[in-house]
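Asks: Below: sequence and its predicted model.
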Amino acid sequence: MEGFVALYIFMLAAFTGYEIISKVPVILHTPLMSGSNFVHGIVLVGAMVAMGHAETDMETAVGFLAVLLAAGNAVGGYVVTERMLEMFKSSGDKK
């Protein structure tokens, strides 16, 4: 894939994502993001595959950074979900 085509796809995806997310009511942002944790897992698997196919040191470094950021994103999504669910527990249900 040529660089300009990849840049075009990236810009289109960023614009589309921004437009979709900006239309979501504020109260639904946390459930929406915690519901998309499966996407974070897919990104992590993709980053591991990309790192596994790396041939140069630079590709390996970028792959490692991608795996690190994707893992942080996935863990953060589950932390946000846990905090959100804690808000809905009654005071008697808390540990």
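Replies: Sure thing, it's come through.
Asks: What ranges does the protein have for its helices?
Replies: For the chain, helices defined by DSSP state H occupy the ranges 3-22, 29-35, 37-52, 57-87.
Asks: who are the neighbours in contact with residue 75?
Replies: Contact analysis of residue 75 by Cβ atoms under 8 Å, 6 or more residues apart in numbering lists nothing. Every residue, glycine included, has its C-beta placed from N, CA and C.
Asks: confidence score at it?
Replies: At residue 75, the predicted lDDT confidence score is 87.
Asks: that older thread, least reliable of the helices of the chain going by mean pLDDT?
Replies: helix 29-35 (a mean of 67).
Asks: Where does the record place the domain boundaries for this structure?
Replies: Taking automatic domain parsing as the reference, the chain has its domains at 1-25, 36-95.
Asks: Deepest-packed of these, please.
Replies: domain 36-95 (a mean of 13; mean count of other Cβ atoms under 10 Å).
Asks: mind listing what the spatially most central residue of the chain touches?
Replies: For the chain, residue 40 is the residue whose C-alpha lies nearest the centre (Cα atoms, centre = their mean; 4.1 Å). By Cβ under 8 Å, 6+ apart, the contact set of residue 40 is 70, 73, 74, 77.
Asks: right, and residue 66 touches residue 52 too?
Replies: No. Residue 66 sits out of contact with residue 52 when judged by Cβ atoms under 8 Å, with a separation of 11.5 Å.
Asks: one step back: for the residue nearest to the centre of the chain, which non-adjacent residue is closest in space?
Replies: residue 74 (3.9 Å; Cβ to Cβ, 6 or more residues apart in numbering).
Asks: quick one: the one you found from residue 54, how far?
Replies: 21 Å (Cβ to Cβ, to the nearest Å).
Asks: Repeat that for residue 15.
Replies: Plainly put, residue 15 is 30 Å away from residue 54 if you go by Cβ to Cβ.
Asks: Contacts for stretch 47-63 next, please.
Replies: For stretch 47-63, contacts defined as Cβ under 8 Å, 6+ apart pick out 64, 66, 67, 69, 70.
Asks: same thing but 10 Å
Replies: 64, 65, 66, 67, 68, 69, 70, 71, 73 (Cβ atoms under 10 Å, 6 or more residues apart in numbering).
Asks: and which of those is nearest to residue 6?
Replies: The closest of the contacts of stretch 47-63 to residue 6 turns out to be residue 66 (Cβ to Cβ; 15.4 Å).
Asks: With that, I have no additional questions.
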